[in-house]
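Asker: here is a sequence with its predicted model. Questions after.
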There are 2 protein chains.
Amino acid sequence: VNGDDRGVLILAGGRGERFWPWSTPSRPKQLLPLAGGGRSLLAATVERARRLVKPERIAIVTAADLVGVIEHECPGIAALGEPMARNTAPAIAAAMAYLPDVTTWAVLPADHLIDDVDAFARDLGRGFDLAARDPVLVTIGVSPTGPETNFGYIERGARLADGVHRVARFKEKPERALAEQWAADGRHRWNAGIFVWRRSVFMDALEAGRPELARVFRGFAPAGGAAGWTRRLAEVYPAVESISVDYAVLEHAPNTIVIDASFDWDDLGSWGAWARRQPRDPRGNVLFGDVVVEDCDGCVVVGEGGTAAAIGLRDMVVVHSNGATLSCRLDRSEHVLKVSAALRARSAR
Amino acid sequence: VNGDDRGVLILAGGRGERFWPWSTPSRPKQLLPLAGGGRSLLAATVERARRLVKPERIAIVTAADLVGVIEHECPGIAALGEPMARNTAPAIAAAMAYLPDVTTWAVLPADHLIDDVDAFARDLGRGFDLAARDPVLVTIGVSPTGPETNFGYIERGARLADGVHRVARFKEKPERALAEQWAADGRHRWNAGIFVWRRSVFMDALEAGRPELARVFRGFAPAGGAAGWTRRLAEVYPAVESISVDYAVLEHAPNTIVIDASFDWDDLGSWGAWARRQPRDPRGNVLFGDVVVEDCDGCVVVGEGGTAAAIGLRDMVVVHSNGATLSCRLDRSEHVLKVSAALRARSAR
């Protein structure tokens, strides 16, 4: 194995409404400077990918309307624009065809936070080696640090090597009691949504789970660069089923394995999740941009394109961005989805 | 007394920073729709004034840069623009010279809330009668409904008639303990900042308190309408002392009397004060404009020019307006002044 047949696919199609109003459809979560040091999560993900493969072997798959801003954010990296959203299984199958000489792919979400880049590169290198050697679908499992109800879980099966197990079962986000059990029993890992596989192994598993999808993408051989890829996809995508890679492939496949992650990880599913991983001022506030804070503790205050002023608050998130305001208890910040959904419904009327 | 010698002067020079970010220097508190029914406090004040005198006997004195918007807000009413701010004593002395045939003036703040217009008209009519008959400076005193520390107080002296007393003393905003005593003893009234007097009586009192000011404004006889008034004032105002009517006139004058108000009154000194007098939703929230509210109680949420979303809050004020955000505990809303002062200092750098 010399690594020349390896590539990295970054999934950057999400709209990230959980960070409304900082995030918008045209600047979703992965493009916000949530990674620290003013970097976007996507830019940080590309940096991690460059530790694994050459830049010309990295592809970002995203919505067509985000290609321009992503090319600006990640110069020199191919940005593939989907003409419409079809969830992750079709996106992965189609994007892997863009670089046909890459035989082994790592698939990374664009909007997660991983600080320990060395540990990440080590674990992914191990994933590449395992995927090149055996016909397996490799997943990365993160040791739970608490009873998290907002992550999917992986139950480990038989041990294959140190820190490598068969997957016994993929599990949906649990209720609190179940999450407490899984976080404590040592057999469960958080599903980081990171995968490594040979394209051929993936296509065989897709064939088993969704034969009609596999038929479309086995023959998918677009020419004409990224623009040609989008044009070609526009012909086949309308008739394609919208389905996640978890449902279409992983949950049915008998050859899934899980590597224990040695890196920290968070999917930043809420303002609160982000805040827990940010540097704070002496009173525990996370401050970003144009803010005025008076007698606040444990708050997140973000002002972009205008001043956000917070007075006398505790454990709140206050955001001024994109011509809107959010003021929310941090422990309710997952309810932001309700608001962004309500606003979407209102603007659709 | 046929009333033809009566006029109303409305003081509308304030900048109202307590309602930041809804209020701005170009749209201060008196121009915000705080009076209910979408009306500004100034428009409501003009309506009350029209119950007392003909429109051509009403004058609004304000900052020169607000004249345009005030003429738009209050068509048919003279708006006098001060070329610079010199506090209330010079403003009143100068503005009374604008209508020389008015001999008896009521002076009203533009930014207070008074709902009972009939009672107001009755009390002011009584004030006009007293001021026309006797050489007195009439003030209106509101019966305290609680130990308010943000109002000035008037201590009543000898009784002159039913509900009319000499003023024993004008008193500054008290500490809490003193406010509790004054609110309970029956001898104190809130100073509503509403006055009635003959111009000649006022000028004599000004002569006694600030002879140099009286000298300037006895001879002040501007021609050329409102624009001429401003031009003429620009010649004398730079050398004029900036001083309130309370310091320059009322606190020294022996001939001040106080009429007990039979109307409700509030100077709306904070978001909280305004909220207490607004209609509320079933959970006690005051909602104005473009807002989304989820699981909130007792909050004020204002969205103007963009959405303000509030989630899981209690007793808070959340405002999105003029490209800025405020999120503040209602019982701390007086601290908004600190923020607007900090922002003013910042923009002055």
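Answerer: Perfect, I can see it now.
Asker: most proximal residue of the stretch 51-200 of chain A with respect to chain B?
Answerer: A:Asn150 (16.8 Å; C-beta to the nearest C-beta). (Each C-beta comes from the backbone N, C-alpha and C, glycine too.)
Asker: please name the nearest non-neighbouring residue to that residue.
Answerer: A:Gly269 (4.9 Å; C-beta to C-beta, 6 or more residues apart in numbering or on different chains).
Asker: which SSE is A:Val301 in?
Answerer: Assigned by DSSP states H and E, A:Val301 belongs to strand A:300-311.
Asker: and the helix or strand following that strand with strand B:316-321, angle?
Answerer: Sequence-wise, the next helix or strand downstream of strand A:300-311 (DSSP H and E) is strand A:316-321. Relative orientation of strand A:316-321 and strand B:316-321, computed by axes from the mean of the first three to the mean of the last three C-alpha atoms, to 10 degrees: 10 degrees.
Asker: after strand A:316-321, next one along is what?
Answerer: Following strand A:316-321 in sequence order, the next helix or strand is strand A:324-329 (DSSP H and E).
Asker: for that next one, packing partners?
Answerer: For strand A:324-329, the packing partners by 3 or more C-beta pairs under 8 Å, 6 or more residues apart in numbering or on different chains; DSSP states H and E come out as strand A:316-321, helix A:336-348, strand B:300-311, strand B:316-321, strand B:324-329.
Asker: walk me through which strands it pairs with, and which way each runs.
Answerer: Take DSSP bridges as the rule and strand A:324-329 pairs in its sheet with strand A:316-321 (antiparallel), strand B:300-311 (parallel).
Asker: got the contact list for whichever strand or helix holds A:Phe217?
Answerer: For A:Phe217, the host element (DSSP H and E) is helix A:211-218. Helix A:211-218 has contacts (C-beta atoms under 8 Å, 6 or more residues apart in numbering or on different chains) with A:89-90, A:93-94, A:97, A:203, A:206-207, A:236, A:240-241, A:243, A:248.
Asker: that older thread, got a markdown table for the strands paired with strand A:324-329, with mean pLDDT too?
Answerer: A markdown table is the format used below for the strands paired with strand A:324-329 (pLDDT from 0 to 100):
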| stretch | mean pLDDT |
| --- | --- |
| strand A:316-321 | 97 |
| strand B:300-311 | 96 |
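Asker: tell me which of these lies nearest to A:Thr307.
Answerer: Within the strands paired with strand A:324-329, the stretch nearest A:Thr307 is strand A:316-321; the backing value is 6.7 Å (C-beta to C-beta).
Asker: with just CA atoms, put that closest one into CSV.
Answerer: Presented in CSV, the C-alpha positions along strand A:316-321 are these (Å, rounded to 0.1, in the frame of the first residue of the first chain):
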residue,chain,number,x,y,z
MET,A,316,-27.9,32.1,27.8
VAL,A,317,-27.1,32.3,24.1
VAL,A,318,-27.6,35.7,22.5
VAL,A,319,-26.9,36.1,18.8
HIS,A,320,-27.2,39.1,16.4
SER,A,321,-26.5,38.0,12.9
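Asker: count of neighbours near A:Leu326?
Answerer: 32 (other C-beta atoms under 10 Å in any protein chain shown).
Asker: what does chain A have sitting close to chain B?
Answerer: A:20-21, A:292, A:294-295, A:303, A:305-313, A:316, A:318-320, A:323-329, A:331-333, A:335-336, A:338-339, A:342-343 (C-beta under 8 Å from any C-beta of the partner chain).
Asker: mind listing the strands for chain A?
Answerer: A:6-12, A:58-63, A:78-82, A:104-109, A:137-142, A:153-161, A:164-171, A:188-198, A:256-260, A:286-294, A:300-311, A:316-321, A:324-329 (DSSP state E).
Asker: could you pull out the buried residues of the first one?
Answerer: Neighbour-count burial for strand A:6-12, with 16 or more other C-beta atoms under 10 Å in any protein chain shown as criterion, is recorded at A:Arg6, A:Gly7, A:Val8, A:Leu9, A:Ile10, A:Leu11, A:Ala12.
Asker: one more: the longest one?
Answerer: Going by neighbour count (16+ other C-beta under 10 Å), the buried part of strand A:300-311 is A:Val300, A:Val301, A:Val302, A:Gly303, A:Glu304, A:Gly306, A:Thr307, A:Ala308, A:Ala309, A:Ala310, A:Ile311.
Asker: mind listing what the fourth one touches?
Answerer: A:Gly303 is in contact with A:Phe288, A:Gly289, A:Asp290, A:Val291, A:Val319, A:His320, A:Ser321, B:Ala324, B:Thr325, counting by C-beta under 8 Å, 6+ apart.
Asker: ok, now with 7 Å
Answerer: A:Gly289, A:Asp290, A:Val291, A:His320 (C-beta atoms under 7 Å, 6 or more residues apart in numbering or on different chains).
Asker: out of those, flag the one nearest to chain B.
Answerer: A:His320 (3.5 Å).
Asker: looking at the stretch 1-150 of chain A, which residue is nearest chain B?
Answerer: For the stretch 1-150 of chain A, C-beta to the nearest C-beta, closest residue to chain B: A:Pro21, 7.4 Å.
Asker: in space, what's closest to that residue - neighbours in sequence excluded?
Answerer: A:Ala324 (3.8 Å).
Asker: and if you look at A:Leu287?
Answerer: A:Val301 (5.3 Å).
Asker: circling back to that earlier point, make CSV out of the buried residues of strand A:6-12 and add pLDDT.
Answerer: Conversion of the buried residues of strand A:6-12 to CSV gives the following (pLDDT from 0 to 100):
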residue, pLDDT
A:Arg6, 97
A:Gly7, 98
A:Val8, 98
A:Leu9, 98
A:Ile10, 98
A:Leu11, 98
A:Ala12, 97
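Asker: what would those residues look like in a markdown table with distance to B:Pro28?
Answerer: A markdown table is the format used below for these (distance: C-beta to C-beta, whole Å):
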| residue | distance to B:Pro28 |
| --- | --- |
| A:Arg6 | 64 |
| A:Gly7 | 61 |
| A:Val8 | 57 |
| A:Leu9 | 56 |
| A:Ile10 | 51 |
| A:Leu11 | 51 |
| A:Ala12 | 46 |
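Asker: which two of those residues have the greatest separation?
Answerer: A:Arg6 and A:Ala12 (19.5 Å).
Asker: for the stretch 51-200 of chain A, which spans come out with low pLDDT?
Answerer: By pLDDT under 70, the stretch 51-200 of chain A has no low-scoring segment.
Asker: again, 90 this time
Answerer: A:150 (pLDDT under 90).
Asker: report the central residue of chain A.
Answerer: In chain A, the centroid-proximal residue (C-alpha atoms, centre = their mean) is A:Pro109; its distance is 2.5 Å.
Asker: that residue reaches A:Leu11, doesn't it?
Answerer: Yes: counting by C-beta atoms under 7 Å, A:Pro109 touches A:Leu11, with 5.5 Å between them.
Asker: hmm, back to that, among the contacts of helix A:211-218, name the buried ones.
Answerer: A:Ala89, A:Pro90, A:Ala93, A:Ala94, A:Ala97, A:Met203, A:Leu206, A:Glu207, A:Val236, A:Val240, A:Ile243, A:Ala248.
Asker: what about the fourth one, distance to A:Met84?
Answerer: Looking back up the chat, that one is A:Ala94. Distance, A:Ala94 to A:Met84, using C-beta to C-beta, to the nearest Å: 12 Å.
Asker: how about the second one?
Answerer: Separation of A:Pro90 from A:Met84 (C-beta to C-beta) stands at 10 Å.
Asker: how about the contacts of helix A:211-218 in TSV, adding distance to A:Ala59?
Answerer: Shown next, in TSV, are the contacts of helix A:211-218 (distance: C-beta to C-beta, whole Å):
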residue	distance to A:Ala59
A:Ala89	16
A:Pro90	15
A:Ala93	13
A:Ala94	10
A:Ala97	10
A:Met203	17
A:Leu206	18
A:Glu207	22
A:Val236	18
A:Val240	19
A:Glu241	22
A:Ile243	21
A:Ala248	20
